Every structure is written in structure tokens, then in C-alpha cells.
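K.L.:
3D, please:
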Amino acid sequence: MTPLILHLALAAAQAGTLSGYVFRETDGNPPRRPMTVELSDGDRTRYRETTEAGGMFMFRKVQEGHYTIRVRFGDFVAVDDRITVTGSGNNFAAVMLPKRRAKSQDFRAVTADRLASQSNGKLQKSLRKAAKLVARHDLSGAVRLYEQVAAVDATADLWDTLGLLYLQMGRKDDSIHAFEKAISQDPEYLLPYAHLGWFYQQERRYNELLKLAGRALAADPQWMTAHALLGEARVGTGDLEAALQSVQRASALVQGKAAGPYLLMAELRYLHQDCAGARIELGRYLELNTSARGLPGTAKLLELLRGCRRDGAE
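P.N.:
Presented below is the predicted three-dimensional model:
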């Protein structure tokens, strides 16, 4: 085999497919309009497709590796997440468009102060500059600009952005304060609950997570993420039966299309010594998110289930 043919053969062997669907957290249905799905490597977009009927998308001959997957409508980026594509087998990703508000807003609901803020050219210039600094990984510079804007026009989404940046910089107390400011300013804006909930989960602060999930459900009783957070909190506080009810409710709200609840259900089945049930739930999770197989938590559960007897006992 000549070097050129060998090179082409190796390249073909390293290319995989990535299929999936985009769905709305609001009701589990596909987006109402076609969305652009992109795979990026660093600052460069390498692959781009448009969703078809049912929110489906398909990438063929994708070089294996780690990518950022983005879902956008025009210039608005609705999802920005990490994904891994392997050259062997088919890769799949269920991509959720997060629910942003407890209630829909139309233009008549925008206050005069908000309209005035949007027309403030100086503030908008600062926000655009801060976003560019984030893209260049100059988090300190971006935070300074966002803080200057917050002192003049503090909106819930701005406080939420600051909370995320503080987290990336290791400023945990500041991030909690920022997320709480976002929630208190606009309790129906849901993203700060999700971001603060993720932080509490990572820190194993389950009592705080339990209270936060309750506040999120008070804002929107039909929010999938709030029920999932409540399930995580109940696992952490030892209330396993109630945790299973919460995560089952979370999955039902999006018609079973989200991957996350299946992982928690698998963990709960395992804790109940239901090995067969845990395998089924974990299999469904990996079907919807093939990238997760290499994650530490997933790998640990897979290893535990290998040593778990088929009859349900250890």
C-alpha cells in the first residue's frame, strides 16, 4: 500500500458519524423552526448542519476528537456544550434547548427601563467588549466590564453571567452572591437556579440544593431541571424513594428525551439493588449521550454494574 493510500485509509478509519436530535426542555417537542447545529474545534467551526423534521441532525465523516457542539438560531446561541466523537460505531447526542423563563414574554412585557437600557449605546458597547474578552479567555477583564455595567444596569441575565465567570475564576462566594442576585431580581428567570444548583451538586451541599430546588419549583412547577435538582438533593440527603419519584417526573416532563434523568435513575436502581433495572436505565442514558461513556461517574457505575449479579444482589 502506498503512503498516500495508507494515509487515506487511516483517515477514513478515524472518521465517525454523529446523529441526534434537538428538543425543547419546555415540553420535550422539537424546536418550532430549523436550528443550526455546529461542531467546533477551538475557535474554528468544522462542521455545520441544519435540523430537519423532528429536530433531527446528522453529521457524516466527522474526524474523531473532542468538539464544542453549538445550537443556534441566527446569532443567538441556545446551547454550547462539549461532545466527543469516536471513529468506531455511531455517535449520538440528545441536545436540549434549556427553558429560560417560567412564563413566556412578549414585547409588551418589556419595561420602559429595560428598553432604555437596550438603547444605551455605551452600555451595549461595554457588553460587546466583555463578550469578546470572554472569547479570548480574559476573564478578569470581562468581569471588570460586566461589574461596571451591573453598577448601572443590573439585570438578572447579567448577574447570571457574572456568576458563571466567578465560578470559572474560583470565586465561589461571589458566584453564589451573583446567582442569588439574579434570582431575587427576576424569580421567573430560570437559568440562575440551574447554574447555582449545579454548583451545590458539585460541592455536595445537598441541604442548600434541596432548598434551591424548592424555590425553583415554586417559580415553575413544570420545569424538568428543577425536578432533576430535587432528585439529586434527595439522593444526597438519603431520601431515595422520593428521589426516584422526582427524577421520573423530570423525565416524563420532556417525554423521556433527556439523557440526564436516566443516569440518576440508574444510580437509584443500583442503590435499591435492582441491577437489571440499573443496566436498562444506564443503557438508555448512553444511547442518548454516547460521549458520557468516558466520564468518571459513568465509568464507575459501569464497573459497579459489571460486578452486580443478574438477580439483583451483590
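K.L.:
so residue 192 is in which element?
P.N.:
Here residue 192 is covered by helix 191-202, with elements defined by DSSP states H and E.
K.L.:
tell me what that helix is packed against?
P.N.:
Contact analysis of helix 191-202 by 3 or more CB pairs under 8 Å, 6 or more residues apart in numbering; DSSP states H and E lists helix 156-168, helix 172-185, helix 206-219, helix 224-236 as its packing neighbours. Every residue, glycine included, has its C-beta placed from N, CA and C.
K.L.:
what is the burial count for residue 84?
P.N.:
By the criterion of other CB atoms under 10 Å, residue 84 has 18 neighbours.
K.L.:
beta partners for it?
P.N.:
Beta bridges link residue 84 to residue 66 when assigned by DSSP bridges.
K.L.:
what's the answer for the one 10 residues further on, then?
P.N.:
With DSSP bridges as the criterion, residue 94 is bridged to residue 21.
K.L.:
quick test: name the residue nearest the centre of this protein.
P.N.:
Geometric centre of the chain, nearest residue: residue 81, 6.7 Å, by CA atoms, centre = their mean.
K.L.:
part of a strand, is it?
P.N.:
Yes. Secondary structure of residue 81 (DSSP: H, G, I helix; E, B strand; the rest coil): part of a strand.
K.L.:
with adjacent residues omitted, what lies nearest to it?
P.N.:
Leaving aside its chain neighbours, residue 81 sits nearest to residue 69 (5.4 Å; criterion: CB to CB, 6 or more residues apart in numbering).
K.L.:
count of neighbours near the one you found?
P.N.:
By the criterion of other CB under 10 Å, residue 69 has 22 neighbours.
K.L.:
give me the residues contacting the one helix or strand it maps to.
P.N.:
In this assignment (DSSP H and E), residue 69 forms part of strand 65-73. Residues outside strand 65-73 that contact it (CB atoms under 8 Å, 6 or more residues apart in numbering): 22, 31, 33, 35-41, 46, 77-85, 93, 95, 97.
K.L.:
now those: which count as buried?
P.N.:
Buried by 16 or more other CB atoms under 10 Å: 22, 31, 35-39, 78-79, 83-85, 93, 95, 97, out of the contacts of strand 65-73.
K.L.:
which one of these is nearest residue 217?
P.N.:
residue 97 (20.4 Å; CB to CB).
K.L.:
tell me the buried residues in the helix or strand harbouring residue 45?
P.N.:
Using DSSP H and E, residue 45 sits in strand 44-50. Going by neighbour count (16+ other CB under 10 Å), the buried part of strand 44-50 is 47, 49.
K.L.:
likewise for stretch 221-231?
P.N.:
Within stretch 221-231, the residues scored as buried using 16+ other CB under 10 Å are 223-231.
K.L.:
tell me the average confidence for that stretch?
P.N.:
What stretch 221-231 shows for mean pLDDT is 97.
K.L.:
send the alpha carbons of it over as PDB?
P.N.:
Output of stretch 221-231 as PDB, limited to C-alpha atoms (Å, rounded to 0.1, in the frame of the first residue of the first chain):
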ATOM      1  CA  PRO A 221     -43.700  23.500  38.900                       C
ATOM      2  CA  GLN A 222     -43.400  22.100  35.300                       C
ATOM      3  CA  TRP A 223     -39.600  22.700  34.900                       C
ATOM      4  CA  MET A 224     -37.700  19.500  34.300                       C
ATOM      5  CA  THR A 225     -34.400  20.700  35.600                       C
ATOM      6  CA  ALA A 226     -36.000  21.700  39.000                       C
ATOM      7  CA  HIS A 227     -37.300  18.200  39.400                       C
ATOM      8  CA  ALA A 228     -33.900  16.700  38.500                       C
ATOM      9  CA  LEU A 229     -32.200  19.000  41.000                       C
ATOM     10  CA  LEU A 230     -34.700  17.900  43.600                       C
ATOM     11  CA  GLY A 231     -33.900  14.300  42.800                       C
END
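K.L.:
where in the stretch 201-314 of the chain is pLDDT low?
P.N.:
309-314 (pLDDT under 70).
K.L.:
now do the helices in it.
P.N.:
206-219, 224-236, 240-253, 260-271, 275-288, 296-306 (DSSP state H, counting those that start in this stretch).
K.L.:
re the thing from before, widest-spaced pair of the buried ones among the contacts of strand 65-73?
P.N.:
The widest separation within the buried ones among the contacts of strand 65-73 (CB to CB) is 24.0 Å, between 31 and 84.
K.L.:
ok so, going back, could you check the angle strand 65-73 makes with the strand holding residue 45?
P.N.:
50 degrees (axes from the mean of the first three to the mean of the last three CA atoms, to 10 degrees).
K.L.:
what's the next secondary structure element after strand 44-50?
P.N.:
Next along the chain from strand 44-50, counting by DSSP H and E, comes strand 56-63.
K.L.:
how about residue 156, nearest residue that isn't a chain neighbour?
P.N.:
Distance criterion CB to CB, 6+ apart; nearest residue to residue 156, sequence neighbours excluded, is residue 186 at 3.7 Å.
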